[in-house]
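> need a structure here:
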Amino acid sequence: MRNAGEQDMTGGNGAAAPFLADAVYMAELRERMLRFASLQLADPGLAEDAVQEALAGALRNAKAFAGRSAFRTWVFAILRNKIADQIRFKRRQSQMIAMPLGNFPDEDEPRYFDAKGHWAPENRPSDWGNPEVELLGKDFWRVFETCLDHLPPDQGRVFMMREFVEMETSEICAEVGITTTNLHVLMHRARLRLRNCLEGHWFAPKESLS
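You can find the predicted model right below:
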């Protein structure tokens, strides 16, 4: 039986048709969607359902894709809505998933700021060149996704809830079972790790990520 992204999608779908008809592209897109949904929902079955529903929704509404944004961005927007619905439904059913956070140890992190809140000289951000030009490249997003995959699970989950699913702070705290302060700590650490990863593997001479 075919998945939603593997049906006959060549006719009548306007700007979406070339993407929907490309089996290799759709398989890669589906894999990325499933990885994203699995991290957010922490349940393989729910993640699979969300991806299937998102792909089915993309197929049903393919004519609405006008090509003003990237096809992948458009499909992920559908997936984000499905994930947000799942998370809110679980919360309403009082089936929140607890996430162990520990005591936020600081001994393994460098001191990024001085006593006045300014960047410490040894940890000052490097020159990122022209970010608008850099962000246009597909290679950048591949590196960015790899950096995301290297985040600790607790940081990666809340970072994507906030920045990708665009959930409110109160919604994230209720779903994950943390305080606003803990969320801010996790977001701060996630951003620092992403910054360091991008500086080391994109904005600086490229190194491979294992």
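
> Am I right that V165 is in a strand?
No. Counting by DSSP: H, G, I helix; E, B strand; the rest coil, V165 falls outside a strand, being coil.

> Next, the contact list for it, please.
By Cβ atoms under 8 Å, 6 or more residues apart in numbering, the residues touching V165 are 40, 80, 83-84, 87. Just so you know, the C-beta spots here come from the backbone N, C-alpha and C atoms, and that holds for glycine as well.

> Narrow those to those in helices?
The helices, defined by DSSP state H, take in 40, 80, 83-84, 87 from those.

> Could I get these in JSON lines, plus columns for pLDDT, distance to K63 and neighbour count?
As requested, those are arranged in JSON lines below (pLDDT from 0 to 100; distance: Cβ to Cβ, whole Å; neighbours: other Cβ atoms under 10 Å):
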{"residue": "Q40", "pLDDT": "80", "distance to K63": "28", "neighbour count": "26"}
{"residue": "R80", "pLDDT": "86", "distance to K63": "21", "neighbour count": "21"}
{"residue": "I83", "pLDDT": "88", "distance to K63": "24", "neighbour count": "27"}
{"residue": "A84", "pLDDT": "85", "distance to K63": "24", "neighbour count": "17"}
{"residue": "I87", "pLDDT": "80", "distance to K63": "29", "neighbour count": "24"}
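
> and the residues you listed, which two are the farthest apart?
R80 and I87 (10.5 Å; Cβ to Cβ).
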